[in-house]
Structures are given as C-alpha cells and as structure tokens.
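S.K.: structure for this input, please:
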Amino acid sequence: MNTSFSISETLSTAWAIAKKNAWIVMGFTAVQFVVMFVFTTIIALFLNETSTTGALVQNVIIQLADTFIACSSPFLFFT
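M.R.: Okay, here's the model as predicted:
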C-alpha cells in the first residue's frame, strides 16, 4: 500500500476547497454567532452569574454547545 503524500498538494487542495466554500463558512459563522448569543442569553436568565459556580456552569455549557457546533460544521458543508 502506497501511503506517500505531498504536503504542498494537500495544502493546495485544502485551499481550493476553502475558497470554494468561503461564503458557506462565513454564513455558518454568522449563524453560529447568533445561535450562541441567544443560547448565552437564555442560560444567563436561568443561572446566577453573580456566583462563581453559576458562571462556571454557564461557561461549561456554552463551551460544550460551541464545541458541538464547531465539530459538526464540516459535515454540514463538506459532504
């Protein structure tokens, strides 16, 4: 099995895909910003930000949601 590859070829292919999907990536970033803003606002209503524990729990929940969105995004526009 031939497993050799060229770094320059890989980078040029990745750049071509990124250029082709630039508007999709920017649109997804805008949608993600709005969703995370709404999500943060809703969580802030239910958790007490004045306590350290409330702020920590809020940040953990937001980071988990953001990680899920970021990890699932390539499947949305590269498949």
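
S.K.: shouldn't I43 be in contact with V60?
M.R.: No. Assessed by CB atoms under 8 Å, I43 is found out of contact with V60, at 10.4 Å. In this view, the C-beta of every residue, glycine as well, is placed from N, C-alpha and C.

S.K.: neighbour-wise, which of these two wins?
M.R.: The neighbour comparison of I43 against V60 (other CB atoms under 10 Å) goes to I43, with 17 against 10.

S.K.: tell me which element that one falls in.
M.R.: Assigned by DSSP states H and E, I43 belongs to helix 22-46.

S.K.: can you tell me the centre-most residue of this protein?
M.R.: By CA atoms, centre = their mean, the chain has its centre lying nearest to A70, at 2.3 Å.

S.K.: ok, the closest residue to that one other than its chain neighbours to L64 distance?
M.R.: Nearest residue to A70 in three dimensions, chain neighbours excluded: Q32, at 7.8 Å (CB to CB, 6 or more residues apart in numbering). Distance of Q32 to L64, given as CB to CB, to the nearest Å: 14 Å.

S.K.: the more surrounded of these two?
M.R.: More crowded of Q32 and L64, by other CB under 10 Å: Q32, with 15 against 10.

S.K.: that one against I69, yeah?
M.R.: Yes. With contact taken as CB under 8 Å, Q32 and I69 are classed as touching, separated by 5.4 Å.

S.K.: what distance separates the helix or strand harbouring the residue nearest to the centre of the chain from the centre of its chain?
M.R.: Taking DSSP H and E as the criterion, A70 maps to helix 52-77. Offset of helix 52-77 from its chain centre (CA atoms, centre = their mean, to the nearest Å): 8 Å.

S.K.: could you check the angle that helix makes with helix 22-46?
M.R.: Relative orientation of helix 52-77 and helix 22-46, computed by axes from the mean of the first three to the mean of the last three CA atoms, to 10 degrees: 150 degrees.
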